[in-house]
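Q: next comes the sequence, and after it the predicted model I'd like to discuss.
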Amino acid sequence: MSSPSRALLADRHFRGFWLAQTCLAGIGGTMRFAFVWLVVTLTDWTAAEGIVAGLLGLPAMLFSAAAGTWSDRADRKRLFTTWTTVTVVLLAVFTVVIAAGWATPLVTGIAAVVVGTAVMINPPNVNAMVPLLVDPGRLVNAIALQNGAMNAANVGAVIFAGIAIELFGDAGGFALLTVLASLAIVFMRPVVLPVSENTAPTERFMAALRTGLRYTWSTEPVRTMVLLSLVLGSSFSVIQINVPRVVESDFGREAASAGAVMGAFGIGMMLSSLYVANRPVGRHGLNVAVFIGVGLGGGQFALSLAPSWRSALIVMLLWGVNAGLAMASHRTILQKATAPEMMGRVMGLMMTGFMGGLPIGAAASSVLALSFDPAETMTVVGLCTVAISISLSWRPSIVRLR
């Protein structure tokens with residue numbers, strides 16, 4: 001008997017979607033790394049990384065909910081293709097700007113807002129496609145397979161971006177992102193989504209957006225899962241902002257080493273996600289309580305104490321394993337509990353947390369940088385994350401979910 005992941009990938013429409021979203025996923029984390037590293041090379045002002053990272057995530061925080069509403073009202077494939085094409089153009093232009101030596105901290109900040117706006121349209125739309133392409137009984141396997149591929153892409157893209165930067169300069173990382181976005185368009189082209197997903201909207205746009213907000217806030221466990229997304233996004237952004245500076249200043253290494261540390265997280269998440277993709281999982285609520293409630297902040301705290309680059313690699317690898325188990329259950333709970341007609345809007349609000357949490361983490365990093373070094377900042381944020389996520393996830397109504 002074939003494994004669940006093989007059965008899913010045997011469907012050419014899911015396979016094309018899976019490859020497209022994998023390329024797109026490689027852009028997300030790698031783009032943050034490339035922007036932060038670019039700023040590290042442009043200025044010695046430690047707060048600059050947080051500011052630029054915050055600008056990169058600001059569009060997601062402000063507009064992901066609207067993007068999810070748009071997804072519920074539009075042809076999802078056409079929406080994907082249009083905005084991925086816009087992303088290709090913007091990344092290519094900024095690659096030329098860097099190669100020409102025109103990049104400054106100000107120009108980089110402006111580019112972060114513009115590119116971040118184009119990129120943030122697709123994640124709610126992509127996540128809303130998954131229940132359309134798979135049977136409900138295979139949802140957790142599809143989500144885990146999706147997460148595993150996304151993190152495999154992030155691993156490869158972050159590591160290769162670090163190498164490309166060392167070989168070709170800062171423009172090399174952004175050239176790689178341009179290629180990934182182009183490939184996403186190619187892979188999505190043959191995918192056919194169910195005709196029934198293109199239902200005519202019955203509300204005006206802003207009314208539909210408000211309906212989605214009310215639905216999310218009034219529906220459990222949807223509300224708790226979305227709030228946990230905000231905690232996850234805010235906390236992990238502190239890692240993405242501070243790890244490059246720690247690798248450079250504390251460990252005395254360059255971009256490829258910083259990319260390897262971030263990539264180790266993706267390797268761990270990929271391994272545990274692929275494990276879940278081929279096995280039944282029942283205690284989703286308990287997984288969320290343990291692996292998010294304790295593991296999320298605990299991993300950041302442990303990373304902040306790493307005495308060397310090698311120990312940081314090990315911590316990130318183990319933390320990634322924890323995250324893969326956590327996110328498979330988190331997404332499964334959320335998508336099972338969400339009404340199909342609300343899927344885009346709820347996924348938009350989830351991405352508001354994951355991607356829009358970046359400005360919150362960036363603001364926290366910039367403020368804490370006034371009193372703490374980057375490693376100490378991660379210590380403080382890690383402990384705060386444990387306290388907040390435990391209070392949200394360690395409730396009987398969440399722990400008992402299957």
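A: Received it, and whenever you're ready, just let me know what you need. The structure presented is a predicted model; accordingly, all values stated were derived computationally and were not measured.
Q: where do the strands sit along this structure?
A: Assigned by DSSP state E, the chain shows no strands.
Q: I'd like to know which elements the helix-or-strand element of it with minimal mean pLDDT is packed against.
A: Lowest by mean pLDDT, DSSP states H and E among the helices and strands of the chain is helix 139-168, with a mean of 72. On a contact count with 3 or more CB pairs under 8 Å, 6 or more residues apart in numbering; DSSP states H and E, helix 139-168 meets helix 4-9, helix 12-42, helix 122-133, helix 170-188, helix 255-277, helix 309-337. (C-beta placed from N, C-alpha, C; glycine too.)
Q: rounded mean pLDDT for the second one, please.
A: Confidence over helix 12-42 (mean pLDDT, whole number) is 82.
Q: now it: buried residues?
A: 14-40, 42 (16 or more other CB atoms under 10 Å).
Q: low-scoring stretches of the stretch 301-402 of the chain, by residue?
A: 356, 358 (pLDDT under 70).
Q: if you could redo that for the stretch 101-250 of the chain, that was the one I meant.
A: For the stretch 101-250 of the chain (pLDDT under 70), the answer is 151-152, 154-159, 161, 195-202.
Q: gap between the closest residue to Cys23 other than its chain neighbours and Val86?
A: Excluding its sequence neighbours, the residue lying closest to Cys23 (CB to CB, 6 or more residues apart in numbering) is Ala184, at 4.0 Å. Relative to Val86, Ala184 is positioned 12 Å away (CB to CB, to the nearest Å).
Q: comparing those two, which residue is more hemmed in?
A: In this view Ala184 and Val86 are compared by other CB atoms under 10 Å, and Ala184 has more residues nearby, 27 against 17.
Q: just list the residues touching the more buried one, thanks.
A: Residues near Ala184 by CB atoms under 8 Å, 6 or more residues apart in numbering: 20-21, 23-24, 27, 84.
Q: cool, and Ser304?
A: Counting by CB under 8 Å, 6+ apart, Ser304 touches 375-379, 382.
Q: now do Val346
A: With CB under 8 Å, 6+ apart, Val346 has these contacts: 68, 212, 215-216, 222, 226, 334, 338.
Q: sorry, back to before: which among the contacts of Ser304 count as buried?
A: Applying 16+ other CB under 10 Å to these flags 375, 377-379, 382 as buried.
Q: possible to save those residues as JSON lines with distance to Asn242?
A: Compiled in JSON lines, the buried ones among the contacts of Ser304 are given as follows (distance: CB to CB, whole Å):
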{"residue": "Ala375", "distance to Asn242": "7"}
{"residue": "Thr377", "distance to Asn242": "6"}
{"residue": "Met378", "distance to Asn242": "6"}
{"residue": "Thr379", "distance to Asn242": "10"}
{"residue": "Gly382", "distance to Asn242": "11"}
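Q: between these, which sits nearest Leu62?
A: Thr377 (24.7 Å; CB to CB).
Q: tell me who's in contact with Met343.
A: So Met343 contacts 72, 128, 131, 335 (CB under 8 Å, 6+ apart).
Q: any idea how far it lies from Arg73?
A: 12 Å.
Q: these two touch, right, Pro244 and Phe35?
A: No. Between Pro244 and Phe35 there is no contact under CB atoms under 8 Å: 10.2 Å.
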